[in-house]
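Novice: pasted the sequence and its predicted model underneath.
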Amino acid sequence: MVLKNIKYAIRNITRPPVTRMYPEKQSELSGRFRGLQILDKSKCIGCGICANTCPNAAIKIVKAPIAPGSTKQRWFPQIDIGHCLFCGLCIDQCPKGALSSGKEYAKGLVKWKHKDLLMTPEKLAREVDLEEGDEK
Ligand code: SF4
Ligand code: SF4
């Protein structure tokens, strides 16, 4: 057994490493990868179908400014990403195509507290920095 392991180690000594230095070297994601949802505010009509579809009740429809700095408000989805299972049903059911899958799965989503996982319409629309939470 010991000899087998030594042989295995010698045989692999010249091979390139298979481990990845994350986060310095990001993983390549499939085109079908479902990360944090992206909201297109210009398409959203605030109908709430996404919220009614969500099997985990992770979506709430809330009032938010129609654009950064605007005083006009409309209804948009807000996602508690701590309860989201990334099934994509909200995206499939949106009648306006206002939701899509983003590629973020770590940036801005790794938090210590559940309350910090609340993705406001501003965060879903990427109007704020996901990590900092500041308006762009
Ligand atoms: S994202 Fe789509 S389904 Fe959800 S409220 Fe907006 S238009 Fe309706
Ligand atoms: S991806 Fe699935 S679980 Fe997550 S918010 Fe949409 S419907 Fe709910």
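Specialist: Thanks, I have it. Ligands and ions are numbered 1, 2, ... in the order given.
Novice: get me the contact residues on this structure for ligand 1.
Specialist: Residues of the chain lying close to ligand 1 by CB under 6 Å from any ligand atom are 44-50, 77, 94, 96, 98-99. (Glycine included, C-beta is placed from N, CA and C.)
Novice: identify the residues contacting His114.
Specialist: Residues in contact with His114 (CB atoms under 8 Å, 6 or more residues apart in numbering) are Gly82.
Novice: how far away is it from ligand 1?
Specialist: Relative to ligand 1, His114 is positioned 23 Å away (criterion: CB to the nearest ligand atom, to the nearest Å).
Novice: pull out the buried residues from stretch 57-68.
Specialist: Of the residues in stretch 57-68, those with enough neighbours to count as buried (16 or more other CB atoms under 10 Å) are 58-59, 61, 64-65.
Novice: for stretch 70-88, same thing?
Specialist: Buried residues in stretch 70-88, defined by neighbour count with 16+ other CB under 10 Å: 76-82, 84.
Novice: hmm, who's touching that stretch?
Specialist: Contact with stretch 70-88 is made by 34-37, 39, 41, 44, 46, 48, 50-51, 54-66, 90, 99, 101, 109, 114, 117-121, 124-125, as judged by CB under 8 Å, 6+ apart.
Novice: can I get it in PDB? Just the C-alpha atoms.
Specialist: Taking C-alpha atoms only, stretch 70-88 is exported to PDB below (Å, rounded to 0.1, in the frame of the first residue of the first chain):
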ATOM      1  CA  SER A  70     -34.900  59.000  -8.900                       C
ATOM      2  CA  THR A  71     -37.800  60.000  -6.600                       C
ATOM      3  CA  LYS A  72     -40.300  58.000  -8.700                       C
ATOM      4  CA  GLN A  73     -41.000  54.600  -7.200                       C
ATOM      5  CA  ARG A  74     -42.600  51.400  -8.500                       C
ATOM      6  CA  TRP A  75     -43.000  47.800  -7.400                       C
ATOM      7  CA  PHE A  76     -40.100  45.400  -7.900                       C
ATOM      8  CA  PRO A  77     -39.000  42.000  -6.600                       C
ATOM      9  CA  GLN A  78     -36.600  41.700  -3.700                       C
ATOM     10  CA  ILE A  79     -35.000  38.300  -3.100                       C
ATOM     11  CA  ASP A  80     -33.900  36.800   0.200                       C
ATOM     12  CA  ILE A  81     -31.100  34.900  -1.400                       C
ATOM     13  CA  GLY A  82     -30.600  33.000   1.900                       C
ATOM     14  CA  HIS A  83     -33.800  31.100   1.000                       C
ATOM     15  CA  CYS A  84     -33.200  30.900  -2.700                       C
ATOM     16  CA  LEU A  85     -32.400  27.500  -4.200                       C
ATOM     17  CA  PHE A  86     -31.600  28.900  -7.600                       C
ATOM     18  CA  CYS A  87     -34.200  26.800  -9.300                       C
ATOM     19  CA  GLY A  88     -34.800  29.500 -11.900                       C
END
